[in-house]
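1. structure, please.
(chains A and B, ligands or ions: 2)
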Amino acid sequence: MVDVIRFRDDAANDQPLVSVEALSGQTNATAVRLESDEDARALLPYLNQLALIEVAFPTFRDGRGYSAARILREAGFTGELRAQGDVLVDQIPSMRRCGFDSFIANAPVDQATLDKSLNRYDHVYQPAADAALPVWKLRHG
Amino acid sequence: MYQYDKFDQAIVDARVEEFRDQVNRRINGEMTEDQFKPLRLMNGLYLQLHAYMLRVAIPYGTLSGKQMRMLGHIARKYDRDYGHFTTRQNIQYNWIKLEDTPDILADLASVEMHAIQTSGNCIRNISSDQYAGAAADEVADPRPWAELLRQWSTFHPEFSYLPRKFKIAVIASQEDRAAMRLHDIGLELVMRDGVLGARVFVGGGMGRTPMIAPEIAEFVKADDLLSYLEACLRVYNRYGRRDNAYKARIKILIHELGADEYRRQVAEEFAHVKTLGIDPPLAELERISAYFAPPAYEQGLSDEIDRSNPAFAHWVDQNVKAHKQPGYAIVNISLKPVGGIPGDASSDQIDLMADLAEKYGFDELRVTHAQNIVLPFVAKRDLFTVWQALDAAGIANANLDLVTDIIACPGLDYCSLANARSIPVAQKIAERFADAERQRDIGELKLKISGCINACGHHHAGHIGILGVDKKGVENYQLTLGGSGAEDVSIGKITGPGFDEDGIVDAVERAVEKYRAVRVEGERFIDTYRRVGADSFKEAIYG
Ligand code: HEM
Ligand code: SF4
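-> Ligands and ions are numbered 1, 2, ... in the order given. The predicted structure is shown next:
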């Protein structure tokens, strides 16, 4: 059983993941996996039918998935958005800000370390896909 | 100067605690070096040949006397009593112990400084014109824009794992003192119909494949700027390749897509991003700008300078520049004594520069990409006193922009990536041209040395550039001519076969003598080179 770190209250989706390519033929698929070199915008026509999108992080250095997540959230996707792969504990706070709400990390994530890092910063400088208000908003109302 | 409010301070303080926690996890063995590396690299901590090296951010090269003095304190307490000012307007310490780094960051945070994003594949320290706020030719002060960008780019969640490092420069004069078009993004502030906005250049860089950034937008207004930059970065982040670090810079993407196609994609992305409301209101730029109001100049000061001391007069001619305020001048402190290490300053010298800024310079200093220091607001009345103090500390070198004002990267003396040493070559060239009369006769000549193809020493942009290469295990130096990082930007061309350490000094001298032989009135080295062409210089160099 893989460890899923989840920041959602709804029941987990246990449907098999299909590829982006397979999606166009499968009108009943609700879970898809986006590889790091695939275009997140190819999923936009299917957002209504999808409950889970898993985005691949083949290495922690490959940051394409951060943009993919924001694009999906900006397009109104409210289902589960999962980062899977070489996801490091110190990266999870930024991933949360980009809209990811579940994680499957190759290396075990220490829960105490994660909690600390998620609560470390009270302020952010820029708006993103989360609800945090940027400091310019706090300064100017 | 900008001053932190409680939000800025809270963010930097949290960063100190975060890094302390990360260092502790490393020291306790909870993390391997492999896991720690990307974390320390987000914070300017490199493992070098002999020790850790820490790079401290000096946002847009601007700092106060108190901040400068803190840099001296760190050199004294945690390093070997000196620091190295870099081509990116930062400072590096070469002999740092890992366990000291959290305390160093805490010391820095106490004077509103940090080392955030001074390395790693993220948006790096924003660079700018060292004469900002003082230059007669600027349309506006670029520093408020640079500060706006500093805040926006700090811990940007989408752009912290870009394909490669990302460097942004902002200028506001036609004269380019910041190598703007050799940055991933270069902004030139311009006025259009009474509105201030930015010309946006994207895709410049040095390294293995030097490129000059093409113009991507002719005018972006202030309240669209962050949306526009997010669009520029998002297009890059999504397409930018990860398979080959040398091809991952945005310059390669734009070269392959073409500037027109990149511009089109950015415009499309911008139309979308602009709907997200990420641009702060103009009131935020105004809030920041208020910190950069002109200092309380004394009115009615004389522009007369007593030139009766000849050494002082030479220094004034070479290192002191025109100011927009009558009675004031811009002072350049050259960190290039003949025989010294370009860009190095001792703790005592750093303290002295801080003192001078506080007493005579409205408490402000700048670091230049040429590895020198600027006091941007000095009354002409005080120039002689300032010069005497600098002279006593060995930093009244009257060689700004002359052949001995050499930019050099740390090279094989410190850097683990180096192919060859840079510092001894810089020292030998400076010694060869030590004669002050001869230097002045040669005039403006920008000589830049990198110890490997990464081009940290900007050799591509040197009127004369030197690149260290490894030739079957022996240090070898290639010579390039005709580069420029200024408004007449160009990339230097390799002259031919390389040289050994003494050979490169001779080759430089032959190129310089060729220039002296064929120049016409008023021509700089670079002008003559461009007029007569590479071939006649090659002939002079190789015979
Ligand atoms: C010590 C003083 C250093 C300075 C002043 C410095 C500054 C710079 C500058 C200005 C560039 C040119 C980038 C461009 O315009 O394209 C550069 C490139 C580069 N630097 Fe450094 N750097 C220094 C040390 C290091 C160290 C210690 C490393 C690695 C451990 C390093 C790795 C690189 C690499 C890989 C590039 C090439 C980037 C590319 O074009 O892809 N530098 N650096
Ligand atoms: S140019 Fe090469 S040798 Fe010089 S500092 Fe950069 S990486 Fe090191």
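2. got the contact list for B:D500?
-> Contact analysis of B:D500 by Cβ atoms under 8 Å, 6 or more residues apart in numbering or on different chains lists B:V474, B:E475, B:N476, B:Y477. From N, CA and C alone the C-beta is placed, and that goes for glycine too.
3. gap between B:I91 and A:L34?
-> From B:I91 across to A:L34, the span is 42 Å (Cβ to Cβ, to the nearest Å).
4. neighbour-wise, which one of the contacts of B:D500 leads?
-> Within the contacts of B:D500, neighbour counts (other Cβ atoms under 10 Å in any protein chain shown) peak at B:Y477, which reaches 26 neighbours.
5. got the residues of the stretch 151-300 of chain B near chain A?
-> Within the stretch 151-300 of chain B, the positions adjacent to chain A are B:151-152, B:154-163, B:226, B:234, B:237-238, B:242, B:272, B:276-278, B:280-281, B:283-284, B:287 by Cβ under 8 Å from any Cβ of the partner chain.
6. list buried residues within those residues.
-> B:151-152, B:154-163, B:226, B:234, B:237-238, B:242, B:278, B:280, B:284, B:287 (16 or more other Cβ atoms under 10 Å in any protein chain shown).
7. kindly tell me how buried the closest residue to chain B within chain A is, as a neighbour count.
-> Ranked by Cβ to the nearest Cβ, the top residue of chain A for proximity to chain B is A:G63, at 2.8 Å. By other Cβ under 10 Å, 27 other residues sit near A:G63.
8. what does the one 10 residues further on give?
-> Around A:R73 sit 18 other residues, with neighbours defined as other Cβ under 10 Å.
9. what's near enough to touch it?
-> A:R73 neighbours (Cβ under 8 Å, 6+ apart): A:L81, A:C98, A:G99, A:A129.
10. any idea how far the first one lies from B:V386?
-> Using Cβ to Cβ, one gets 59 Å for the distance from A:L81 to B:V386.
11. could you tell me how many residues sit around residue 87?
-> No chain in the question, so chain A it is. By other Cβ under 10 Å, the residues close to A:V87 number 23.
12. oops, chain B please
-> Neighbour tally, B:T87, other Cβ under 10 Å: 26.
13. and the host helix or strand of B:K37, C-alpha only, in CSV?
-> In this structure, B:K37 sits in helix B:33-41 according to DSSP states H and E. Written as CSV, here are the backbone C-alpha positions of helix B:33-41 (Å, rounded to 0.1, in the frame of the first residue of the first chain):
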residue,chain,number,x,y,z
GLU,B,33,24.3,15.4,1.4
ASP,B,34,22.3,14.6,-1.7
GLN,B,35,19.0,15.6,0.0
PHE,B,36,20.6,18.6,1.6
LYS,B,37,22.2,19.9,-1.6
PRO,B,38,19.1,21.4,-3.3
LEU,B,39,18.2,23.0,0.0
ARG,B,40,21.5,24.7,0.6
LEU,B,41,21.7,25.7,-3.0
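14. so is the most centrally placed residue in chain A in a helix, a strand, or just coil?
-> Taking Cα atoms, centre = their mean as the criterion, A:F100 is the residue nearest the geometric centre of chain A, at 2.3 Å. Applying DSSP: H, G, I helix; E, B strand; the rest coil to A:F100 yields a three-state assignment of coil.
15. same question, A:A132
-> Applying three-state DSSP: A:A132 is coil.
16. just B:L467 next, same as before
-> For B:L467, the assignment made with three-state DSSP gives strand.
17. any stretches of chain A with poor pLDDT?
-> Residue ranges of chain A with pLDDT under 70: A:1.
18. just the closest residue of it to ligand 1, please.
-> The nearest approach of chain A to ligand 1 comes at A:R61, 13.9 Å away (Cβ to the nearest ligand atom).
19. where does the residue nearest to that residue when sequence neighbours are not counted sit: helix, strand or coil?
-> Using Cβ to Cβ, 6 or more residues apart in numbering or on different chains and skipping residues adjacent in sequence, the residue nearest A:R61 is B:Y161, 6.1 Å away. Classification of B:Y161 by three-state DSSP places it in coil.
20. what does the one 3 residues further on give?
-> Three-state call for B:R164 (three-state DSSP): coil.
21. got it, and B:Q325?
-> With three-state DSSP as the criterion, B:Q325 reads coil.
22. repeat that for the one 10 residues further on.
-> Here B:L335 is coil, with the state taken from three-state DSSP.
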